[in-house]
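Student: The sequence and its predicted three-dimensional model are supplied below.
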2 protein chains.
Amino acid sequence: MNKESISRAVVKRLPRYHRYLGELMESGVERISSGDLSQRMNVTASQIRQDLNNFGGFGQQGYGYNVEYLYNEIGKILGVDKKHGMIIIGAGNLGQAIANYTNFEKRGFVVKGLFDKNEALYGKKVREIEVLPMDKLKEFIADNNIEIAALTLPKNEAVKVAEEIVEYGIKAIWNFAHTDLKLPKDIVIENVHLSESLMRLSYNLTRNHL
Amino acid sequence: MNKESISRAVVKRLPRYHRYLGELMESGVERISSGDLSQRMNVTASQIRQDLNNFGGFGQQGYGYNVEYLYNEIGKILGVDKKHGMIIIGAGNLGQAIANYTNFEKRGFVVKGLFDKNEALYGKKVREIEVLPMDKLKEFIADNNIEIAALTLPKNEAVKVAEEIVEYGIKAIWNFAHTDLKLPKDIVIENVHLSESLMRLSYNLTRNHL
């Protein structure tokens, strides 16, 4: 199977397949037909067959998909079969919520450090993770093989900090700040713009009432 | 202008236009050409002209867009020109982070209540918002004209609570739980699946390193 050949649209849907297959595994299901999966996921069976055909021919007619195998294959494509070192910058409520969410760790995203400029937070621990001052960032990123930084900071600080940590070797930024970051092309940026999500909700709510 | 005629793709981009236009207003810019806006937003000028043409002809050649007018028009389409009553169910770190985020309130999303099943939290206040027990939900939703509920709960609880509050009159759910909710078609569901966002980041990170 050629990882390069999978279309962006399919890739966008993969995390959801991964989630459903994980739930099936948890409930002890070993095989599932595209029809059954289609009902659960509320997409057409032919969409599922098309998407999963990208992962080779292990969905045989009348026999169904091997749940665990497919889960693992999709995991490999998504890169969640490997561990990724992560830090969180901004130890407010949102940063602490992410640090506390052990499900990320199960998927290979290991939060190793939590940083803040607020001195009052230094020494505070979230799970086993201590809040550290910003001037430790450079050393920490280098010493702990950190690839990913979650930015849970106000927008003006986020822009400055992002440029700094990219120099220190960060490869990917999970950006919760209400701004777009302008960084070198080889840096991965994944935005979680909560305000924009809320506006899409509001658009649909308003349209429903027209 | 006919609200129905705007395509889904344009609607998806509107919150980002709204954000950039808001920033321009804050910095005192009254007019902007599609070329300038295009540079700032990192999309083509022709895309911008096409998108904004949906809002009538106030982008005259060589004259530029009226920033405030456009901001307000887009705000109307998104429904952020009106106030929406909101509650948050789940008063953990994530729920508190959302309750604390006053920017939502500036856009018309007014958090009126915070609910949790954890008795230890009752009486605790986030800003002026008190944490209330779950058995007050029905009355509170009716008495305070609540349209939107943010669910910051574990997935199993979220499914049950969602069905309950829809009966109590909730019109839209901002779902942070790691599951898809199955609700009547007229209920708006906007998902924020953080794990899936992190997996897209991981996919891009992995592909960059191939």
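Tutor: Right, received. Where do you want to start? Not measured: the values here are computed from a predicted model. Numbers count the residues shown, from 1 in each chain, chains lettered A, B, ... in the order given.

Student: Please enumerate the helices of chain A.
Tutor: A:8-26, A:34-41, A:45-53, A:67-78, A:93-100, A:102-106, A:137-143, A:155-167, A:194-208 (DSSP state H).

Student: Output the first one as CSV, nothing but the C-alphas.
Tutor: Which is helix A:8-26. The C-alpha coordinates for helix A:8-26 follow below in CSV (Å, rounded to 0.1, in the frame of the first residue of the first chain):
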residue,chain,number,x,y,z
ARG,A,8,-6.9,14.2,1.4
ALA,A,9,-10.6,13.6,1.6
VAL,A,10,-10.0,10.1,2.8
VAL,A,11,-7.4,11.2,5.2
LYS,A,12,-9.8,13.6,6.8
ARG,A,13,-12.2,10.7,7.4
LEU,A,14,-9.6,8.3,8.8
PRO,A,15,-9.7,9.5,12.4
ARG,A,16,-13.4,8.8,12.6
TYR,A,17,-12.9,5.3,11.2
HIS,A,18,-10.2,4.8,13.7
ARG,A,19,-12.5,5.9,16.5
TYR,A,20,-15.3,3.5,15.5
LEU,A,21,-13.0,0.6,14.9
GLY,A,22,-11.5,1.2,18.4
GLU,A,23,-14.9,1.2,19.9
LEU,A,24,-15.7,-2.1,18.1
MET,A,25,-12.5,-3.6,19.4
GLU,A,26,-13.4,-2.5,23.0
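
Student: the inter-axis angle of it versus helix A:67-78?
Tutor: In terms of direction (axes from the mean of the first three to the mean of the last three Cα atoms, to 10 degrees), helix A:8-26 departs from helix A:67-78 by 140 degrees.

Student: Summarise which helices and strands helix A:8-26 is packed against.
Tutor: Packing contacts for helix A:8-26, counted by 3 or more Cβ pairs under 8 Å, 6 or more residues apart in numbering or on different chains; DSSP states H and E, involve helix A:34-41, helix A:45-53, helix A:67-78, helix B:194-208. To be clear about C-beta, it is placed using only N, CA and C from the backbone, and glycine gets the same treatment.

Student: and those, which one is worst for confidence?
Tutor: Confidence, taken as mean pLDDT, is least for helix A:45-53 of these (a mean of 86).

Student: for that helix, the distance to its chain's centre please.
Tutor: Helix A:45-53 sits 23 Å away from the centroid of its parent chain (Cα atoms, centre = their mean, to the nearest Å).

Student: A:Val80: neighbouring residues, count only.
Tutor: For A:Val80, the count of nearby residues is 24 (other Cβ atoms under 10 Å in any protein chain shown).

Student: for the one 3 residues further on, same thing?
Tutor: In terms of burial, A:Lys83 registers 13 neighbours under the definition other Cβ under 10 Å.

Student: Could you list the domains of chain A?
Tutor: Domain ranges of chain A: A:3-77, A:84-196, per automatic domain parsing.

Student: right, and those domains - which one's nearest B:Asp81?
Tutor: domain A:84-196 (15.1 Å; Cβ to Cβ).

Student: now the end-to-end length of the closest one.
Tutor: Its first and final residues considered, domain A:84-196 spans 28 Å by Cα to Cα, to the nearest Å.

Student: and it, does that touch chain B?
Tutor: Yes. Against chain B, domain A:84-196 shows contacts by Cβ under 8 Å from any Cβ of the partner chain at A:84, A:92-94, A:96-98, A:100-101, A:103-104, A:107-109, A:147-148, A:171-172, A:174, A:178, A:180, A:182, A:186, A:188, A:190, A:192-196.
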